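> just a sequence and a predicted model for now, questions to come.
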Amino acid sequence: MIIDIPTKQEFFDAAETLIHGAWASLVDLVAGGDELALAFDTEPELSTNKLQEYWRLARPTLISSLSLVQQAVEFYLKAEIASVSPYLLISGDVRRWPKQYEENDTRFPDFRGVDAQDLPRLYNTVTSKRLTADVSMWFHDLRNRRNRIIHTVDSQFAITPAQLAETVLRAHEYLVGERQWLRSTRWYLDTTPTHGVKLGSDAEHEAYIRLKLHQEVASIVPILPHEAAVRYYGFDEELEAGSCPACTEVFEGDKFFDSRWTDGFLPTLQSLPGPSRRSACLVCGSAFWFCPECDAYSVETTNGECLACGYLTPRNSQS
Ligand SMILES: [Zn+2]
Ligand SMILES: [Zn+2]
């Protein structure tokens, strides 16, 4: 019999780990570029030269990250196929299967897997989902770009940080769901050696993770085109916005927290459509009303009391 058969969840977790591995390199590079720009902000010409050099040196990392994204996409597809039957992922006719069957069980990884180029067809045939024509094209293109990277050295090939960010976010939206990225990033952080082993209290751990999520939003959103920032993060720079009182409270769970750490953070508490002057935080999801006393979004939607000044919103204006 076949043993060590991977589950849908195992394929899915492997995909998430790959895509976030690519993303972590990207976020580090963008944050490094921002620091460099800041260090030379009084010398624009030197800053431009330094940044050009920086991104030239970053090219191999961006390219290998793109390759990880392609591998992640294959694993997301395999997860869905495995939910129908993992045996569908075994390729070739029976005569070519591993030979030790007469005496021993055969491990699933010893079988040759289905080729990457056949995965969309297999996925479309056996699952209830179906890749749309434009996603199939996009998948094909992504695989071609990846093949150019791994089979040869193409000095013309380049990908910008913004293109890589959009590739990751688009893949995740399509294969995992809309606006799942930050939730998934949180999951990933908890599985990394750096964050998974809790060093302090739960409050300190939560503060650390929440700061990390805000740092990511502050690094990545500014490099995205406006519509991509709205689509993938729900961040619209044209909306009334402020900092989130709930996230600030969590940051303060770190006993060394310094408010200067949040200087470059984006106003993630974004106003919601409608007349009620309500807003929600795109990182933590907490919702607040506008406090006329504080001139800020700081009234808790559950009890109507302002977290900053204690002002109690009249019940009839809470709609
Ligand atoms: Zn928040
Ligand atoms: Zn107030």
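The structure has been received and is ready for your questions. Ligands and ions are numbered 1, 2, ... in the order given.
> which bits of this protein sit near ligand 2?
C291, E293, C294, C306, A308, C309, Y311 (CB under 5 Å from the ion). Any C-beta I mention is one placed from the backbone N, CA and C, and that applies to glycine too.
> make JSON lines from the residues you listed and add secondary structure, pLDDT and neighbour count to it.
Listed next are the residues of the chain next to ligand 2 as JSON lines, based on DSSP: H, G, I helix; E, B strand; the rest coil; pLDDT from 0 to 100; neighbours: other CB atoms under 10 Å:
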{"residue": "C291", "secondary structure": "strand", "pLDDT": "89", "neighbour count": "21"}
{"residue": "E293", "secondary structure": "coil", "pLDDT": "91", "neighbour count": "13"}
{"residue": "C294", "secondary structure": "coil", "pLDDT": "88", "neighbour count": "15"}
{"residue": "C306", "secondary structure": "strand", "pLDDT": "91", "neighbour count": "22"}
{"residue": "A308", "secondary structure": "coil", "pLDDT": "86", "neighbour count": "13"}
{"residue": "C309", "secondary structure": "coil", "pLDDT": "91", "neighbour count": "14"}
{"residue": "Y311", "secondary structure": "coil", "pLDDT": "90", "neighbour count": "15"}
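> residue contacts, the residue nearest in space to the middle of the chain?
Nearest residue to the geometric centre of the chain (CA atoms, centre = their mean): W181, 4.1 Å. Listed by CB atoms under 8 Å, 6 or more residues apart in numbering, the contact partners of W181 are L169, H172, E173, Y232, Y233.
> top of the residues you listed by number of neighbours, please.
Counting neighbours by other CB atoms under 10 Å, the top entry in the contacts of W181 is H172, with 26 neighbours.
> now do it against ligand 1, distance only.
21 Å (CB to the ion, to the nearest Å).
> just N147 next, same as before
For N147 relative to ligand 1 (CB to the ion), the value is 41 Å.
> D110 too?
Taking CB to the ion, one finds D110 at 48 Å from ligand 1.
> I figured that residue hits Y101, correct?
No. Assessed by CB atoms under 8 Å, D110 is found out of contact with Y101, at 10.3 Å.
> elements contacting the longest helix that the chain contains?
Secondary structure of the chain read by DSSP state H shows that its longest helix is helix 44-84. Identification of packing neighbours for helix 44-84 by 3 or more CB pairs under 8 Å, 6 or more residues apart in numbering; DSSP states H and E yields helix 8-39, helix 119-126, helix 133-151, helix 161-175.
> and the angle from it to helix 8-39?
180 degrees (axes from the mean of the first three to the mean of the last three CA atoms, to 10 degrees).
> and helix 44-84, average pLDDT?
When pLDDT is averaged over helix 44-84, the result is 93.
> starting at the chain centroid, how far to that helix?
On the basis of CA atoms, centre = their mean, to the nearest Å, helix 44-84 sits 13 Å off its chain's mean C-alpha point.
> next secondary structure after it?
strand 106-107 (DSSP states H and E).
> tell me the strands beside that next one, with direction?
Strand 106-107 has these partner strands in its sheet, going by DSSP bridges: strand 2-3 (parallel).
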